[in-house]
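**Student:** pasting a predicted model and its sequence here:
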Amino acid sequence: MIRQLRWKFVLINMSLVLVILLSLCAVLMATTQDSLRRDSLTALDQAVTLSGDNTPSFSAHLSPEGENNYPLFGTEKVQLPYFTVQITGQNSLLVLANQFFDTSDQDTLLQVVNDALEYPSDTGPINRGDYQLRFLRVNTILGYRIAFVDLTQEQSTLTSLARNLVFVSLGTLAVFFGISLLLAQWAVRPVEKSWKQQRQFVADASHELKTP
């Protein structure tokens, strides 16, 4: 009975600690993911207004549609790797700006752009080959303009954070398990003492009753 009571005490403590840890980890992951997402969206807002050194254009069969109108040029510096493309009414695609991206593979580039054009909303993630991107699709006076930023750093940060949270949580659970065992022994000590006294009293009373 005392052993069951002790383990019940440990189980309750560990359940409470586990719920608290899971809640903290979930909140931390959600806030970090939201912060990284807002950073990439800010970078997209900046990248979509930039026009760096133009690279040679090439023709592609594209049929863009859009509503929002954005200014053509901007001066803010984008903090993430990005590239920006312009699609004109003649279905011509032009790389307007590029920072740390290899856009020489035109087939993959066209697939990425078409994925962005076919996406149901104006922004979202795209995974195509080696590209892990988030895009922003807008409509300018010349046609569609699409900015892409790299998601590798964002995903790496979230993966590293999740791994660290798992290790920290396991270590915390191990520490609290030891503490819970000590607390359980301390908490049930009065009960154990009372139980032993009660058993001793019953034994003594039984002995007295049996003695002639």
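**Tutor:** Perfect, I can see it now.
**Student:** what's the first helix or strand after the helix or strand bottoming out on mean pLDDT in the chain?
**Tutor:** Least confident helix or strand, the chain: strand 58-59 with a mean of 43, by mean pLDDT, DSSP states H and E. Downstream of strand 58-59, the first helix or strand assigned by DSSP states H and E is strand 82-88.
**Student:** kindly check the end-to-end length of stretch 91-109 for me.
**Tutor:** 15 Å (CA to CA, to the nearest Å).
**Student:** and it, average pLDDT?
**Tutor:** Throughout stretch 91-109, pLDDT has a mean value of 78.
**Student:** same thing with stretch 155-167?
**Tutor:** pLDDT averaged over stretch 155-167 gives 92.
**Student:** mind listing what's buried in stretch 33-44?
**Tutor:** 36, 40, 43-44 (16 or more other CB atoms under 10 Å). Using the backbone N, CA and C atoms, a C-beta is placed for each residue, glycine as well.
**Student:** mind listing the strands for the chain?
**Tutor:** 58-59, 82-88, 92-99, 123-128, 131-140, 143-150 (DSSP state E).
**Student:** tell me the angle the last one makes with strand 82-88.
**Tutor:** Compare the direction of strand 143-150 with that of strand 82-88 by axes from the mean of the first three to the mean of the last three CA atoms, to 10 degrees and you get 160 degrees.
**Student:** check which strands are paired with strand 143-150 and give the direction for each one.
**Tutor:** strand 82-88 (antiparallel), strand 131-140 (antiparallel) (DSSP bridges).
**Student:** please apply the same query to the third one.
**Tutor:** Neighbouring strands of strand 92-99 in its sheet, by DSSP bridges, are strand 58-59 (antiparallel), strand 82-88 (antiparallel).
**Student:** just those: most buried one?
**Tutor:** strand 82-88 (a mean of 24; mean count of other CB atoms under 10 Å).
**Student:** quick check: phi and psi on residue 102?
**Tutor:** When quoted as degrees, to the nearest 10, the phi and psi of residue 102 stand at phi -100, psi 110.
**Student:** ok, it to residue 45 distance?
**Tutor:** Using CB to CB, to the nearest Å, we find residue 102 at a distance of 24 Å from residue 45.
**Student:** neighbour-wise, which of those two wins?
**Tutor:** A direct count of neighbours by other CB atoms under 10 Å for residue 102 and residue 45 places residue 45 higher, at 17 against 10.
**Student:** quick one: that one and residue 80, what's the gap?
**Tutor:** Where residue 80 is concerned, residue 45 sits at a distance of 12 Å (CB to CB).
**Student:** again with residue 114
**Tutor:** According to CB to CB, residue 114 and residue 80 sit 23 Å apart.
**Student:** may I see the buried residues of stretch 9-16?
**Tutor:** 9-10, 13.
**Student:** number of residues surrounding the nearest residue to residue 112 once chain neighbours are set aside?
**Tutor:** Of all residues not flanking residue 112 in the chain, residue 128 sits nearest, at 5.0 Å (CB to CB, 6 or more residues apart in numbering). With neighbours defined by other CB under 10 Å, the count for residue 128 comes to 15.
**Student:** nothing else from me, thank you.
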